[in-house]
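> Sequence below, structure please.
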Amino acid sequence: MHNKQSIKRPLSWEIGRLIKVFFKKMNLTKTHKQRIDILRKKGLKLGKNVMIHPEAWIDSHYCYLISIGDNSILCIGSKLLAHDGTLFPFTDGHARLGKIDIKENCVIGTNAVILPGVTIGPNVLVAPGSVVNKDIPPNSCVAGVPARYYSSFDDYINKHRETIKNSYIVDGRKVLLNKNGIDEELKNKIIEESEKGSVHIDHCKEIAKIREDFI
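Numbering: from 1, shown residues only. This next block holds a predicted model:
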């Protein structure tokens, strides 16, 4: 059997790990807004009212190749890769670079990956976990690996508007703005209703307060 103790990490890896631990303990890590400001200074183009989750990842070395349009959202774990280094061991060290242009009113879902050389939108929903490796036309909903079209933007939104009329609505203030967490009665109610059918959470205007965590 393979002995894990026989694996030796490179010295550079150990040094990097210790530096991260030091910065974390000293609370010297940059805030989310500071990181975004740095990316913008390096060339990242952001429109108005863009929301970027703190755990979204934007290619920092090549952020000047990335633009994100008005009212677009990068959800938790989403990744924008303006370079592809998977071939460089086989191509004498050459990696591919490519622009990423996300137009206005797009949502890049949780853990979705956008690859180099891609234009998305406007008005596009990229489902969680998707990998986008080619242009996505306007007014589209896509999902999968690689991402494929499954609905028009308007049809998908209208369908859900109709579904909401007959679903159980959760007051988002009781879930997202409650510092003590969701209470057991409401939690059990959500579980019960989800087994019956559709459940939606109301992100009312007051929940705009949580956008302090975004850009």
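> The helix or strand harbouring residue 200 pairs with which strands?
For residue 200, the enclosing helix or strand under DSSP states H and E is strand 199-202. Using DSSP bridges, the strands paired with strand 199-202 are strand 168-171 (parallel).
> After the partner strand, which helix or strand is next?
Counting by DSSP H and E, what follows strand 168-171 is helix 172-176.
> Check what pLDDT the closest residue to residue 196 other than its chain neighbours gets.
Nearest residue to residue 196 in three dimensions, chain neighbours excluded: residue 168, at 7.7 Å (Cβ to Cβ, 6 or more residues apart in numbering). In this view, the C-beta of every residue, glycine as well, is placed from N, C-alpha and C. Here, the pLDDT recorded for residue 168 equals 88.
> Name the surrounding residues that touch stretch 122-131.
69, 75, 103-115, 120, 132, 136, 138-147, 153, 156 (Cβ atoms under 8 Å, 6 or more residues apart in numbering).
> Can you tell me whether I have it right that residue 64 is in a helix?
Yes. With DSSP: H, G, I helix; E, B strand; the rest coil as the criterion, residue 64 is located in a helix.
> in what helix or strand does the closest residue to it other than its chain neighbours lie?
Using Cβ to Cβ, 6+ apart and skipping the chain neighbours, the partner closest in space to residue 64 is residue 43 (2.6 Å). Secondary structure assigned from DSSP H and E places residue 43 in neither a helix nor a strand.
> my read: residue 43 touches residue 61, true?
No. Here residue 43 lies out of contact with residue 61, judged by Cβ atoms under 8 Å, at a distance of 10.7 Å.
> which residues of this protein fall in helices?
11-25, 32-41, 153-165, 172-176, 184-196 (DSSP state H).
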